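Trainee: Sequence first, then the predicted structure, then my questions.
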Amino acid sequence: MKKLLRENKGWLAFLLLFGLFRTAVADWNPIPSGSMRPNLLEGDVVFVNRLAYNVKIPLTDVVLARLGEPQRGDVVTFSSPLDGTRLIKRLVALPGDIVEMRDEQLIINGQPASYAAAGAALEPLGDGTRVSAQNVDETFAGHRRRIQVIPELMAPRSFGPVTVPKDQFMMLGDNRDRSADSRMVGMVPRHLLIGRAERILASAAIDGNWMPRLERFGMRMP
C-alpha cells in the first residue's frame, strides 16, 4: 500500500486539489429537470461560481466570510432547506421584501411585475405527452427575464403576502408551473447558497438523440 501511494502521490495530490477546487471555488451543475425552462434545458451543464457570495469550509455549509451580496435575478444553486437536495432556481426576492403572487403575477413591495407574451411552446411531461405552454417576458424593477406558464396544469399560482426573513431569499423556477421552489421548500437561508450560475458550459439533447446543442455552448446565463 505504501508503495502504491508513493508511486501515485502526484495523481492523488491532483485529485485532492481538484476536489477542494470543486467544493470551494468553482463547480459545474448538470440541469436534471425542466424547472428552469425556457432558459435552462435538461442536458445543459452550467458553470457555478462558488465564491460569488460566500467562502465556506469545503464540504460543509459553514460560512467563513461573505464575498458578495445575492441580487434579484441571479440564477442560484443551493441546498434545499427541506431535504438538502441541490436545486437551481432564480432569486426573486431579498431579505425584507414583501412578496405575493396573484394568478401568476408577481408583486414585490406592492409593485407588480409586468408581462408580455413571447410565444407558444410545448412542455414535455415525461410520459411521452406534451402540453401547451406560454413563454412570457416578466419585467420587474427594470430587469426582464423570460418565464414559462402552463395553463393546463394545476399549480400554486397565488400566495402571500409573505415577508422574506433576514438573511434568507425567495427562489422561483422560471418554469413557474412545474418547479419545486420556495413555494414548496420555503425561503432559503444564506448559508445554504452554493453559488451563482454564470454560464452554460455545454449542452446535449438528453431527451432525444444526445446530440450536442452547440449553439448553447458558452452562453451567458439568460
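Mentor: Looks like it arrived, so ask away.
Trainee: C-alpha only now, for contacts and for neighbours.
Mentor: Fine.
Trainee: Run through the helices of this structure in chain order.
Mentor: Secondary structure of the chain (DSSP state H): helices at 2-7, 9-24, 182-185.
Trainee: same for the last one, what does it pack against?
Mentor: Okay, so that is helix 182-185. The elements that helix 182-185 packs onto, with contact taken as 3 or more C-alpha pairs under 8 Å, 6 or more residues apart in numbering; DSSP states H and E, are strand 168-172.
Trainee: The strand it packs on - which strands sit beside it in the sheet, and in what orientation?
Mentor: Sheet pairing of strand 168-172 (DSSP bridges) gives strand 86-93 (antiparallel), strand 188-189 (antiparallel).
Trainee: weakest of the helices of the chain in terms of mean pLDDT?
Mentor: Ranked by mean pLDDT, these bottom out at helix 9-24, which scores a mean of 43.
Trainee: Residue 64 touches residue 53, doesn't it?
Mentor: No. Applying C-alpha atoms under 8 Å as the test, residue 64 and residue 53 come out as separate, 11.0 Å apart.
Trainee: between these two, which one's more packed in?
Mentor: Ranked by neighbour count (other C-alpha atoms under 10 Å), residue 64 and residue 53 place residue 53 first, with 21 against 10.
Trainee: If we ignore the residues flanking it in sequence, what's nearest the more buried one?
Mentor: Distances taken as C-alpha to C-alpha, 6 or more residues apart in numbering place residue 68 nearest to residue 53, at 4.4 Å, with adjacent residues excluded.
Trainee: where does that neighbour land on pLDDT?
Mentor: Confidence for residue 68, expressed as pLDDT, is 96.
Trainee: again, but for residue 209
Mentor: Note for residue 209: predicted pLDDT of 82.
Trainee: where's it relative to residue 43, distance?
Mentor: Going from residue 209 to residue 43 by C-alpha to C-alpha, to the nearest Å gives 11 Å.
Trainee: Compare those two (neighbour count), which wins?
Mentor: residue 43 (20 against 8).
Trainee: Would you list the phi and psi of the more buried one?
Mentor: Dihedral angles of residue 43 (phi, psi; degrees, to the nearest 10) stand at phi 100, psi -10.
Trainee: how close does it sit to residue 30?
Mentor: Residue 43 sits 7 Å away from residue 30, going by C-alpha to C-alpha.
Trainee: same thing with residue 222?
Mentor: As judged by C-alpha to C-alpha, residue 222 and residue 30 stand 16 Å apart.
Trainee: for residue 37, same thing?
Mentor: Distance from residue 37 to residue 30, by C-alpha to C-alpha: 14 Å.
Trainee: Which of these two has more residues huddled nearby?
Mentor: residue 37 (21 against 17).
Trainee: Setting aside sequence neighbours, what's the nearest residue to the more buried one?
Mentor: Using C-alpha to C-alpha, 6+ apart and skipping the chain neighbours, the partner closest in space to residue 37 is residue 175 (5.1 Å).
Trainee: could you list every residue that touches that neighbour?
Mentor: Neighbouring residues of residue 175 by C-alpha atoms under 8 Å, 6 or more residues apart in numbering: 34, 35, 36, 37, 38, 147, 148, 149.
Trainee: The first one and residue 40 touch, don't they?
Mentor: Yes. Under the criterion of C-alpha under 8 Å, residue 34 lies in contact with residue 40, with a separation of 7.5 Å.
Trainee: more crowded one of the two?
Mentor: Each of residue 34 and residue 40 has its neighbours counted (other C-alpha under 10 Å); residue 40 has more, 24 against 20.
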